[in-house]
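Colleague: test case, fold it:
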Amino acid sequence: MTKKTNLSRISVVAIFAGLITMIASCGRTPPAHYYTLQPVEQTPIGNSISRDFALAVGPVAIPKAMDRAEIVTHDADNTVSFSEFHRWAGSIQESIASVLAQNIGSLLKTERSAPFTQENIFQPSHRVVININRYESRLSSEFMLNATWSIKDLKGRKPLLIRNSIIRKPLTSASYEELVAAQSKALAELSQQIATGIVEVVP
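Modeller: Numbering: from 1, shown residues only. I've put the predicted structure just below:
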């Protein structure tokens with residue numbers, strides 16, 4: 001067998017191996033990225049709240065289209081997209097309640113602020129109920145939050161305050177990291193509005 005024949009066979013084998021590698025890589029599913037909302041550090045509002053005050057945050061009602069693992073984005077033609085590769089690490093509904101509770105607790109300088117799923121830690125004196133009407137993410141454009149919320153006195157079982165908040169956070173890129181950060185900032189602003197409302201109506 002000549003050297004030329006050996007080289008030809010080696011070339012064929014190398015090309016075949018390259019094709020197998022290329023086909024395998026084309027069929028490989030890209031890894032998914034998982035995200036969580038985060039509390040945002042803010043300056044506390046005035047003096048600390050009464051020692052008797054204890055807050056349960058939630059329930060939080062969200063649009064049905066949001067109640068899924070995939071991050072939802074809104075397109076210019078009023079359609080929505082569900083990203084297979086950019087997903088929430090847990091329940092978005094519970095995450096919103098948890099972040100709001102942490103933010104409000106920091107703003108009011110109290111440790112007795114918890115999401116409604118953990119209110120067995122203490123007996124709440126008040127509850128904030130949030131209905132999210134719109135939670136719209138437009139990549140490269142903005143995140144918009146529209147929420148109606150109420151503060152309830154659980155002793156008197158009556159609403160002390162009902163308000164609506166519309167918050168917009170601009171985006172400079174089509175980055176999911178920036179989008180999730182904008183959502184956290186919007187929830188921080190909502191937390192501040194709720195904390196300010198609590199100071200207004202809770203003695």
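
Colleague: could you use CA atoms for every contact and neighbour count after this?
Modeller: Will do.

Colleague: mind giving me the domain ranges of the chain?
Modeller: The chain breaks down into these domains under automatic domain parsing: 1-30, 33-201.

Colleague: tell me which of the ones you listed sits most buried.
Modeller: Of these, the one with the most neighbours on average (mean count of other Cα atoms under 10 Å) is domain 33-201, at a mean of 18.

Colleague: let me see the mean pLDDT of it.
Modeller: Across domain 33-201, the average pLDDT comes to 94.

Colleague: and that domain, how far from the chain's centre?
Modeller: Domain 33-201 sits 8 Å away from the centroid of its parent chain (Cα atoms, centre = their mean, to the nearest Å).

Colleague: would you mind measuring the gap between the ends of that domain?
Modeller: One end of domain 33-201 sits 42 Å from the other (Cα to Cα, to the nearest Å).

Colleague: ok, stretch 61-69 next?
Modeller: Across stretch 61-69, first to last residue, Cα to Cα, it's 16 Å.

Colleague: can you list contacts of that stretch?
Modeller: 72, 87-93, 130-135 (Cα atoms under 8 Å, 6 or more residues apart in numbering).

Colleague: and which of these is nearest to residue 55?
Modeller: Distance to residue 55, by Cα to Cα, is smallest for residue 130 among those, at 13.2 Å.

Colleague: I'd say that closest one and residue 151 touch.
Modeller: No. With contact defined as Cα atoms under 8 Å, residue 130 does not count as touching residue 151 (9.1 Å).

Colleague: on the three-state scheme, the nearest residue to residue 33 once chain neighbours are set aside is what?
Modeller: Nearest residue to residue 33, sequence neighbours excluded (Cα to Cα, 6 or more residues apart in numbering): residue 86, at 4.9 Å. For residue 86, the assignment made with DSSP: H, G, I helix; E, B strand; the rest coil gives strand.
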